[in-house]
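K.L.:
sequence isn't available, so here's the structure alone:
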């Protein structure tokens, strides 16, 4: 999709029923940023024009030996390798470093040591709190907030913040499923982006940090980075700086001692679960419940007032003035721990998929930048299809949908996420489905009504509206209702942990069934849609090692560097067990007897040969090619697929690369999000599970021909919700076409057409 198409989707989200999405200022910044990134990534861009010629006019170079506004140069100055604020704010990767460093130990003091001890930030007199110590020599003294030549004081900032953020909001776990939360976060984004300079925006973020919950602040920083045209797209893995939301609490027990204040712990008592009244809910021991619930005197739960300085974080390890005690038994940053394959019961055998930290990270990042509509339907449908593939691999059968007939019945299973972030166990029980029951009929009627708009000239005209209405209505309502079974603190209430709970897939199974009912009401695909006269396709899969047309999966230990926030442990390396597979390539041969060069779209799917009932159809790749007359051979690596994410840098790795000038233009311009590559292939079985690969070469819609010309003029550079990258081609056909309708078997869909290759494959689970 191109930038204008993205902006159109943003506008469509706002066009009908009230629904808070990104503002005009965000869209303007995002558009300018994406267009500049596209221009810089064109292969014919002259990379040698660095403007270094005018170094005598560059005051930054004269003072520090660093060129203004240039990427790919070290930020560390002098023999002491120091970071200087003047250098950081006048270079793109310096500004980006400042922004992402707000994610490091975000619940500690703003003046705490960051970037491996090289960055200590202090607010100016106009903004500092009463407990900020005097800045030492060499510290980064931040800018004043200046609007229309007037310095804004701290009191004015806090007064406006109080007007934007409801007083009780920090008692909630931030959720993209909650319209109030969405409205507040977008108001904060607008406030930060409307500042006149980067320095003012950055100082505003640092100032309001202490009044926001960690989750809300993290979302705010991510969106501000995306909306500023003077920073990049590249972001660290969220699990590296919010580990409490992705890893079991047992991981980190060695890094916390028993000498923790009672008020620093959350409890399991339903009446005592609360966010820290300082706006930093339970982050001393990052949000994890105590194993032995404590009792607390009711007098400690007095209402918070906005003027209280006690809204500052309770634990401030880096503080030089407050008497806060460090947590006991902290360890060196190199300490590593490991998670075993711990969910051993049969009905939890697929936990490695549900609880994978990178997959959960993908889900929350998608909702942060969600375009809704068709993308909502497609992304969640693919997550569900992949989950069904894992269940079939394990012999568990397909998911039982959690539909209206079950909403008033008792849910017999429970789920304990065993993570922190103030999340609680979901007990067995019933949901309050009153509002859902009244809404479901409207959604189903909307599906019927939208189907009348039909499938017109290769485009699905109704899916966008249906997807928007489903997401912001019944979908969000269902997540909230299930979360209320845990007192509003179930993982289903937050995109950061929802897919951990098995009921997520039951709920989304019902949601997807509404979309499928809509899709199956559309007019059937025609021969013109499914055929391609004069084109013949053959295909195979080649693993890095092993037999052709065979995928090989295995368990492995992966590691990630984690920011332990204010535990005193600094960055630690943690290992965890996950599923992976041997790398593979697609070998596709397309014979064309057409007289001229012809544009085409290649689509690759996988379906289980037996038992999937169309519910485990996985979209594996989707790309554009020009067919020359005669034989066209394509060898395409797995990671070239547009939906996949390569491994992301952790926060500490990204900081190091930015400081050392080791982030290239392509890396700087790509957010790195997407479905994790290691979960791209289902588990399979030890004896080899039968699957079928379908490769379809389809005609390009006439309306897309001009867009492809523009795409080629851009040297194959296009935008996606993660940033800018090469290889994503405009294609107006429905997402998942033509497997978005019920089709039965692969042979049913291909029907012997020569532009289809139907390839039997196996997935063998074993060792690497």
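P.N.:
Done, it's in. Being a predicted model, the structure only gives us computed values, none of them experimental.
K.L.:
could you count how many residues lie near the closest residue to residue 447 other than its chain neighbours?
P.N.:
Once flanking residues are discounted, residue 447 sits nearest to residue 518: 3.9 Å by C-beta to C-beta, 6 or more residues apart in numbering. Quick note: C-beta positions are derived from backbone N, CA and C, even for glycine. Residue 518 has 24 neighbouring residues, counting by other C-beta atoms under 10 Å.
K.L.:
I'd like the distance between residue 518 and residue 467.
P.N.:
Residue 518 sits 10 Å away from residue 467, going by C-beta to C-beta, to the nearest Å.
K.L.:
again with residue 142
P.N.:
For residue 142 relative to residue 467 (C-beta to C-beta), the value is 42 Å.
K.L.:
who are the packing partners of the helix or strand hosting residue 184?
P.N.:
Using DSSP states H and E, the element containing residue 184 is helix 179-193. Other helices and strands packing on helix 179-193, by 3 or more C-beta pairs under 8 Å, 6 or more residues apart in numbering; DSSP states H and E, are helix 24-41, helix 154-164, helix 198-208, helix 214-227.
K.L.:
make a markdown table out of the ones you listed and add mean pLDDT, distance to residue 462 and mean neighbour count.
P.N.:
As requested, the helices and strands packed on helix 179-193 are exported to a markdown table (pLDDT from 0 to 100; distance: least, C-beta to C-beta, whole Å; neighbours: other C-beta atoms under 10 Å):
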| stretch | mean pLDDT | distance to residue 462 | mean neighbour count |
| --- | --- | --- | --- |
| helix 24-41 | 74 | 25 | 18 |
| helix 154-164 | 96 | 37 | 14 |
| helix 198-208 | 97 | 40 | 22 |
| helix 214-227 | 94 | 29 | 23 |
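K.L.:
now do the buried residues in stretch 503-514.
P.N.:
Neighbour-count burial for stretch 503-514, counted by 16 or more other C-beta atoms under 10 Å, picks out 503-512, 514.
K.L.:
quick one on the thing from earlier: include distance to residue 246 when you put the helices and strands packed on helix 179-193 into a markdown table, please.
P.N.:
As requested, the helices and strands packed on helix 179-193 are exported to a markdown table (distance: least, C-beta to C-beta, whole Å):
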| stretch | distance to residue 246 |
| --- | --- |
| helix 24-41 | 27 |
| helix 154-164 | 29 |
| helix 198-208 | 24 |
| helix 214-227 | 13 |
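K.L.:
quick one, which of those helices is nearest to residue 408?
P.N.:
helix 214-227 (32.0 Å; C-beta to C-beta).
K.L.:
ok, the residue nearest to residue 447 - contacts?
P.N.:
Listed by C-beta atoms under 8 Å, 6 or more residues apart in numbering, the contact set of residue 518 reads 447-448, 450-451, 462-463, 466.
K.L.:
so it, which of the three states?
P.N.:
Following DSSP: H, G, I helix; E, B strand; the rest coil, the label given to residue 518 is helix.
K.L.:
now it: how far from residue 449?
P.N.:
10 Å.
K.L.:
and what of residue 28?
P.N.:
Residue 28 is 34 Å from residue 449, by C-beta to C-beta.
K.L.:
sorry, back to before: farthest pair in the contacts of residue 518?
P.N.:
Taking C-beta to C-beta as the measure, the contacts of residue 518 span a maximum distance of 13.5 Å, between 448 and 463.
K.L.:
in terms of neighbours, single out the busier of these two.
P.N.:
Ranked by neighbour count (other C-beta under 10 Å), residue 448 and residue 463 place residue 463 first, with 27 against 12.
K.L.:
now do the contacts for the closest residue to that one other than its chain neighbours.
P.N.:
Counting by C-beta to C-beta, 6+ apart, the nearest residue to residue 463 once its immediate chain neighbours are dropped is residue 374, at 4.7 Å. By C-beta under 8 Å, 6+ apart, the contact list for residue 374 reads 460, 463-464, 467, 734-735.
K.L.:
where strands are concerned, which of those residues count?
P.N.:
residue 460 (DSSP state E).
K.L.:
backbone phi and psi for the residue nearest to residue 563 when sequence neighbours are not counted, please?
P.N.:
Computed as C-beta to C-beta, 6+ apart, the closest residue to residue 563 that is not its neighbour in sequence is residue 241, at 4.5 Å. Listed backbone geometry of residue 241 is phi -120, psi 0, with angles given as degrees, to the nearest 10.
K.L.:
for residue 241, list the residues it contacts.
P.N.:
103-104, 106, 218, 562-563, 650-651.
K.L.:
in the stretch 651-768 of the chain, where is pLDDT below threshold?
P.N.:
Within the stretch 651-768 of the chain, the stretches with pLDDT under 70 are 709-729.
K.L.:
just the strands in it please.
P.N.:
Remark: strands assigned in the stretch 651-768 of the chain by DSSP state E, counting those that start in this stretch are 675-676, 689-699, 717-720, 723-726, 756-766.
K.L.:
now these as TSV including distance to residue 57 and mean neighbour count?
P.N.:
Output for the strands of the stretch 651-768 of the chain, formatted as TSV (distance: least, C-beta to C-beta, whole Å; neighbours: other C-beta atoms under 10 Å):
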stretch	distance to residue 57	mean neighbour count
strand 675-676	47	22
strand 689-699	54	22
strand 717-720	32	22
strand 723-726	31	21
strand 756-766	60	19
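K.L.:
residue 591 and residue 747, how far apart?
P.N.:
Distance of residue 591 to residue 747, given as C-beta to C-beta: 21 Å.
K.L.:
first-to-last residue distance for stretch 84-91?
P.N.:
Counting by C-alpha to C-alpha, to the nearest Å, you get 11 Å between the two ends of stretch 84-91.
K.L.:
can you give me how far it is from the chain middle?
P.N.:
Counting by C-alpha atoms, centre = their mean, to the nearest Å, stretch 84-91 is centred 29 Å from the centre of its parent chain.
K.L.:
show me the residue at the heart of this protein, geometrically.
P.N.:
Residue closest to the average C-alpha location in the chain (C-alpha atoms, centre = their mean): residue 365, at 2.0 Å.
K.L.:
can you tell me how far the nearest residue to it once chain neighbours are set aside sits from residue 61?
P.N.:
Nearest non-adjacent residue to residue 365, counting by C-beta to C-beta, 6+ apart: residue 673, 4.7 Å away. To residue 61, residue 673 is 35 Å away according to C-beta to C-beta.
K.L.:
check residue 89 too.
P.N.:
Note on residue 89: its distance to residue 61, by C-beta to C-beta, is 15 Å.
K.L.:
higher neighbour count, the two?
P.N.:
More neighbours surround residue 89 than the other of residue 89 and residue 61, with 19 against 16 (other C-beta under 10 Å).
K.L.:
now do the contacts for the more buried one.
P.N.:
Contacts of residue 89 (C-beta under 8 Å, 6+ apart): 95, 98, 143, 198-199, 202.
K.L.:
can we see that at 7 Å?
P.N.:
Residue 89 makes contacts with 95, 198-199, as judged by C-beta atoms under 7 Å, 6 or more residues apart in numbering.
K.L.:
same question, residue 739
P.N.:
605, 617.
K.L.:
next one: residue 400
P.N.:
Applying C-beta under 7 Å, 6+ apart to residue 400 gives the contacts residue 506.
K.L.:
check for me that it belongs to a helix.
P.N.:
No. Counting by three-state DSSP, one finds residue 400 to be coil, located in no helix.
K.L.:
what's the distance between it and residue 682?
P.N.:
Distance of residue 400 to residue 682, given as C-beta to C-beta: 19 Å.
K.L.:
same question, residue 99
P.N.:
From residue 99 to residue 682 the distance is 37 Å (C-beta to C-beta).
K.L.:
of these two, who's got more company?
P.N.:
residue 682 (29 against 23).
K.L.:
ok, and the closest non-adjacent residue to that one?
P.N.:
residue 389 (3.5 Å).
K.L.:
you'd agree the one you found is in a helix?
P.N.:
Yes. Under three-state DSSP, residue 389 sits within a helix.
K.L.:
can you get me a residue count around it?
P.N.:
By other C-beta under 10 Å, the residues close to residue 389 number 28.
K.L.:
got the contact list for it?
P.N.:
Contacts for residue 389 were tallied using C-beta under 7 Å, 6+ apart; they are 608, 616, 618, 682.
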